[in-house]
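Asker: One predicted model, sequence on top.
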Amino acid sequence: MPIHKIPVIAIDGPSASGKGTIAQLVAKKLGFHYLDSGALYRLVALKTMQSHANIHDTNLLASIARDLHVVFNQGEVYLDNQTVTDDIRAEQCGILASQLAAYPQVREALTERQRAFCQPPGLVTDGRDMGSVIFPDATLKIFLTASAETRAHRRYKQLIEKGISANIADLLQDIQKRDERDSHRSAAPLQQGADAKLLDTTSLTISQVQDTVLSWYNEICAKNSGLNAK
Ligand code: CDP
(Lines give C-alpha, C1' and ligand atoms only; values in the text may rest on other atoms or scores of the structure.)
Protein backbone atom coordinates (compact mmCIF):
# COMPACT_ATOMS: atom_id res chain seq x y z
CA MET A 1 0.00 0.00 0.00
CA PRO A 2 1.51 3.42 -0.89
CA ILE A 3 2.29 5.37 2.28
CA HIS A 4 -0.24 8.14 1.48
CA LYS A 5 -3.04 5.54 1.26
CA ILE A 6 -2.43 4.11 4.73
CA PRO A 7 -5.14 5.44 7.06
CA VAL A 8 -3.90 7.55 9.96
CA ILE A 9 -5.92 8.84 12.91
CA ALA A 10 -3.99 11.69 14.54
CA ILE A 11 -5.05 12.64 18.07
CA ASP A 12 -3.41 15.77 19.44
CA GLY A 13 -4.11 17.62 22.64
CA PRO A 14 -2.79 18.92 25.93
CA SER A 15 -1.20 16.96 28.75
CA ALA A 16 -3.39 14.32 30.43
CA SER A 17 -6.39 14.86 28.14
CA GLY A 18 -6.71 11.09 27.71
CA LYS A 19 -5.15 10.94 24.23
CA GLY A 20 -3.09 7.85 24.98
CA THR A 21 -5.98 5.86 26.46
CA ILE A 22 -8.30 6.70 23.57
CA ALA A 23 -5.69 6.21 20.87
CA GLN A 24 -4.81 2.75 22.19
CA LEU A 25 -8.45 1.68 22.44
CA VAL A 26 -9.23 2.91 18.93
CA ALA A 27 -6.09 1.24 17.53
CA LYS A 28 -7.09 -2.05 19.15
CA LYS A 29 -10.65 -1.82 17.86
CA LEU A 30 -9.48 -1.16 14.29
CA GLY A 31 -6.49 -3.53 14.43
CA PHE A 32 -4.19 -0.57 13.64
CA HIS A 33 -0.67 0.17 14.88
CA TYR A 34 -0.26 2.66 17.71
CA LEU A 35 2.36 5.36 18.18
CA ASP A 36 2.69 7.21 21.49
CA SER A 37 4.84 10.09 20.23
CA GLY A 38 5.11 11.58 23.72
CA ALA A 39 6.93 8.41 24.82
CA LEU A 40 9.71 9.26 22.36
CA TYR A 41 10.15 12.72 23.91
CA ARG A 42 10.05 11.13 27.38
CA LEU A 43 12.72 8.62 26.27
CA VAL A 44 14.97 11.43 25.07
CA ALA A 45 14.48 13.05 28.49
CA LEU A 46 15.28 9.81 30.34
CA LYS A 47 18.42 9.19 28.28
CA THR A 48 19.47 12.81 28.82
CA MET A 49 19.12 12.36 32.60
CA GLN A 50 20.89 9.00 32.57
CA SER A 51 23.84 10.40 30.64
CA HIS A 52 23.95 13.66 32.63
CA ALA A 53 23.89 15.56 29.34
CA ASN A 54 23.74 19.34 29.33
CA ILE A 55 20.06 20.14 28.69
CA HIS A 56 21.01 23.25 26.71
CA ASP A 57 23.38 21.51 24.29
CA THR A 58 20.92 21.15 21.41
CA ASN A 59 23.35 19.29 19.12
CA LEU A 60 24.01 16.70 21.79
CA LEU A 61 20.27 16.37 22.56
CA ALA A 62 19.50 15.91 18.86
CA SER A 63 22.10 13.16 18.62
CA ILE A 64 20.61 11.46 21.70
CA ALA A 65 17.19 11.62 19.98
CA ARG A 66 18.54 10.29 16.68
CA ASP A 67 20.48 7.42 18.25
CA LEU A 68 17.86 6.24 20.78
CA HIS A 69 17.82 2.46 20.92
CA VAL A 70 14.13 1.88 21.63
CA VAL A 71 11.78 -1.08 21.37
CA PHE A 72 8.00 -0.88 21.92
CA ASN A 73 6.59 -4.33 22.57
CA GLN A 74 3.11 -5.19 23.84
CA GLY A 75 2.77 -2.11 26.01
CA GLU A 76 6.35 -2.33 27.34
CA VAL A 77 9.00 0.23 26.43
CA TYR A 78 12.69 -0.74 26.32
CA LEU A 79 15.60 1.69 26.20
CA ASP A 80 19.00 0.10 25.54
CA ASN A 81 17.38 -3.30 26.26
CA GLN A 82 16.17 -2.22 29.73
CA THR A 83 12.45 -1.90 30.61
CA VAL A 84 11.66 1.76 31.23
CA THR A 85 7.86 1.63 30.89
CA ASP A 86 7.25 3.14 34.34
CA ASP A 87 10.40 5.30 34.51
CA ILE A 88 9.32 7.41 31.53
CA ARG A 89 5.94 8.11 33.19
CA ALA A 90 7.50 9.92 36.17
CA GLU A 91 6.49 13.59 36.31
CA GLN A 92 10.15 14.62 36.26
CA CYS A 93 10.56 12.89 32.94
CA GLY A 94 7.44 14.59 31.52
CA ILE A 95 8.67 18.00 32.62
CA LEU A 96 12.10 17.54 31.01
CA ALA A 97 10.46 16.03 27.88
CA SER A 98 8.40 19.18 27.48
CA GLN A 99 11.53 21.36 27.83
CA LEU A 100 13.52 19.33 25.29
CA ALA A 101 10.54 19.15 22.91
CA ALA A 102 10.79 22.91 22.46
CA TYR A 103 14.10 22.48 20.55
CA PRO A 104 13.52 22.20 16.77
CA GLN A 105 16.68 20.03 16.44
CA VAL A 106 15.21 17.44 18.83
CA ARG A 107 11.86 17.44 16.99
CA GLU A 108 13.60 17.11 13.63
CA ALA A 109 15.66 14.17 14.91
CA LEU A 110 12.47 12.30 15.83
CA THR A 111 10.47 13.05 12.67
CA GLU A 112 11.40 10.08 10.47
CA ARG A 113 11.28 7.67 13.40
CA GLN A 114 7.66 8.68 13.96
CA ARG A 115 6.70 8.45 10.27
CA ALA A 116 8.12 4.92 10.12
CA PHE A 117 5.21 3.79 12.35
CA CYS A 118 2.82 4.42 9.45
CA GLN A 119 2.37 0.82 8.27
CA PRO A 120 -0.60 -1.16 6.91
CA PRO A 121 -3.35 -1.64 7.87
CA GLY A 122 -3.26 1.79 9.57
CA LEU A 123 -2.00 3.90 12.45
CA VAL A 124 -3.51 5.67 15.43
CA THR A 125 -1.13 8.14 16.98
CA ASP A 126 -1.25 10.73 19.74
CA GLY A 127 0.84 13.76 20.59
CA ARG A 128 1.00 17.50 20.03
CA ASP A 129 1.85 17.82 16.33
CA MET A 130 0.72 14.53 14.79
CA GLY A 131 -1.86 16.19 12.52
CA SER A 132 0.01 19.45 11.94
CA VAL A 133 3.58 18.29 11.26
CA ILE A 134 4.19 14.53 11.29
CA PHE A 135 1.10 13.27 9.43
CA PRO A 136 -0.37 16.33 7.66
CA ASP A 137 -2.37 14.03 5.33
CA ALA A 138 -3.97 12.06 8.18
CA THR A 139 -7.42 10.64 7.41
CA LEU A 140 -8.87 12.02 10.64
CA LYS A 141 -7.40 14.71 12.91
CA ILE A 142 -8.75 15.23 16.40
CA PHE A 143 -7.93 17.83 19.02
CA LEU A 144 -8.75 16.10 22.30
CA THR A 145 -9.02 18.24 25.38
CA ALA A 146 -10.60 18.63 28.83
CA SER A 147 -10.49 21.26 31.57
CA ALA A 148 -7.16 21.53 33.42
CA GLU A 149 -8.83 20.43 36.69
CA THR A 150 -10.29 17.30 35.08
CA ARG A 151 -6.92 16.49 33.56
CA ALA A 152 -5.14 16.92 36.91
CA HIS A 153 -7.62 14.48 38.52
CA ARG A 154 -7.15 11.95 35.72
CA ARG A 155 -3.37 12.18 35.96
CA TYR A 156 -3.58 11.78 39.77
CA LYS A 157 -5.66 8.62 39.42
CA GLN A 158 -3.29 7.23 36.79
CA LEU A 159 -0.19 7.80 38.94
CA ILE A 160 -1.76 6.44 42.14
CA GLU A 161 -2.88 3.30 40.29
CA LYS A 162 0.74 2.82 39.22
CA GLY A 163 1.89 3.17 42.83
CA ILE A 164 3.55 6.53 42.13
CA SER A 165 2.84 9.15 44.84
CA ALA A 166 1.21 12.38 43.65
CA ASN A 167 -0.46 15.58 44.81
CA ILE A 168 -3.39 17.13 42.89
CA ALA A 169 -2.40 20.77 43.49
CA ASP A 170 1.14 20.13 42.20
CA LEU A 171 -0.19 18.18 39.21
CA LEU A 172 -2.58 21.00 38.30
CA GLN A 173 0.24 23.50 38.45
CA ASP A 174 2.46 21.25 36.33
CA ILE A 175 -0.31 20.76 33.75
CA GLN A 176 -0.89 24.50 33.50
CA LYS A 177 2.84 25.17 33.09
CA ARG A 178 3.13 22.40 30.48
CA ASP A 179 0.09 23.77 28.57
CA GLU A 180 1.71 27.19 28.55
CA ARG A 181 5.07 25.87 27.31
CA ASP A 182 3.60 23.44 24.74
CA SER A 183 1.24 26.06 23.27
CA HIS A 184 3.64 28.98 23.13
CA ARG A 185 6.86 27.42 21.85
CA SER A 186 7.83 28.41 18.32
CA ALA A 187 8.54 24.84 17.09
CA ALA A 188 5.31 22.92 16.40
CA PRO A 189 3.21 24.59 19.12
CA LEU A 190 0.20 22.72 20.45
CA GLN A 191 -2.90 24.20 18.84
CA GLN A 192 -6.10 23.00 17.25
CA GLY A 193 -5.55 22.94 13.49
CA ALA A 194 -8.29 24.31 11.22
CA ASP A 195 -8.75 20.78 9.84
CA ALA A 196 -8.92 19.05 13.26
CA LYS A 197 -12.18 18.15 14.99
CA LEU A 198 -12.49 19.36 18.58
CA LEU A 199 -13.44 16.76 21.18
CA ASP A 200 -13.88 18.12 24.71
CA THR A 201 -13.93 15.14 27.06
CA THR A 202 -14.49 17.00 30.35
CA SER A 203 -17.88 15.37 30.93
CA LEU A 204 -17.54 12.29 28.73
CA THR A 205 -16.72 8.72 29.69
CA ILE A 206 -13.88 6.84 28.00
CA SER A 207 -16.32 4.71 26.03
CA GLN A 208 -18.25 7.79 24.82
CA VAL A 209 -15.02 9.33 23.58
CA GLN A 210 -13.97 6.09 21.90
CA ASP A 211 -17.37 5.77 20.18
CA THR A 212 -17.19 9.37 18.93
CA VAL A 213 -13.75 8.85 17.39
CA LEU A 214 -14.83 5.59 15.75
CA SER A 215 -18.03 7.09 14.36
CA TRP A 216 -16.13 10.06 12.88
CA TYR A 217 -13.63 7.68 11.31
CA ASN A 218 -16.38 5.45 9.90
CA GLU A 219 -18.16 8.49 8.45
CA ILE A 220 -14.99 9.50 6.60
CA CYS A 221 -14.45 5.94 5.32
CA ALA A 222 -18.05 5.75 4.10
CA LYS A 223 -17.71 9.12 2.37
CA ASN A 224 -14.41 8.12 0.73
CA SER A 225 -15.75 4.78 -0.49
CA GLY A 226 -18.79 6.60 -1.95
CA LEU A 227 -16.44 8.94 -3.79
CA ASN A 228 -14.31 6.05 -5.03
CA ALA A 229 -17.40 4.22 -6.29
CA LYS A 230 -18.46 7.21 -8.41
O1 CDP B 1 1.37 12.42 29.14
P2 CDP B 1 1.41 13.82 28.64
O3 CDP B 1 0.26 14.13 27.72
O4 CDP B 1 1.60 14.83 29.70
O5 CDP B 1 2.71 13.98 27.83
P6 CDP B 1 3.27 13.10 26.66
O7 CDP B 1 2.27 12.99 25.55
O8 CDP B 1 3.83 11.84 27.20
O9 CDP B 1 4.46 14.05 26.13
C10 CDP B 1 5.46 14.55 27.00
C11 CDP B 1 5.93 15.89 26.46
O12 CDP B 1 6.50 15.70 25.15
C13 CDP B 1 4.81 16.93 26.26
O14 CDP B 1 4.65 17.80 27.34
C15 CDP B 1 5.25 17.70 25.03
O16 CDP B 1 6.00 18.83 25.38
C17 CDP B 1 6.17 16.76 24.30
N18 CDP B 1 5.56 16.26 23.06
C19 CDP B 1 5.68 17.00 21.91
O20 CDP B 1 6.21 18.11 21.95
N21 CDP B 1 5.20 16.54 20.73
C22 CDP B 1 4.60 15.36 20.66
N23 CDP B 1 4.16 14.93 19.48
C24 CDP B 1 4.43 14.58 21.82
C25 CDP B 1 4.91 15.06 23.02
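Answerer: Sure, I can see it.

Asker: What residues does this protein have near the ligand?
Answerer: Along the chain, the residues adjacent to the ligand under the rule C-beta under 6 Å from any ligand atom are 15-16, 37-38, 41-42, 94, 97-98, 101, 127-129, 178, 182. Heads up, the C-betas are built off the backbone N, CA and C, glycines and all.

Asker: and the longest helix for this protein?
Answerer: Criterion DSSP state H: the longest helix present in the chain is helix 206-229.

Asker: helices or strands up against that helix?
Answerer: Other helices and strands packing on helix 206-229, by 3 or more C-beta pairs under 8 Å, 6 or more residues apart in numbering; DSSP states H and E, are strand 8-12, helix 19-30, strand 140-145, strand 197-200.

Asker: Any idea which residue is closest to the centre of the chain?
Answerer: Central residue of the chain (C-alpha atoms, centre = their mean): residue 127, 2.5 Å from the mean position.

Asker: what are the phi and psi values for that one?
Answerer: Dihedral pair for residue 127: phi 170, psi -140, per degrees, to the nearest 10.

Asker: Just to check, it is in contact with residue 19?
Answerer: Yes: between residue 127 and residue 19 there is a contact at 7.5 Å, judged by C-beta atoms under 8 Å.

Asker: if I look at these two, which residues touch both of them?
Answerer: Overlap of the contact sets of residue 127 and residue 19 (by C-beta atoms under 8 Å, 6 or more residues apart in numbering) consists of 11, 12.

Asker: need the contact list for the residue nearest to the centre of the chain.
Answerer: Applying C-beta under 8 Å, 6+ apart to residue 127 gives the contacts 10, 11, 12, 19, 36, 37, 38, 134.

Asker: so what pLDDT did the last one get?
Answerer: So that's residue 134. pLDDT for residue 134: 97.

Asker: Surely it and residue 111 touch.
Answerer: Yes: counting by C-beta under 8 Å, residue 111 is a contact partner of residue 134 at 6.6 Å.
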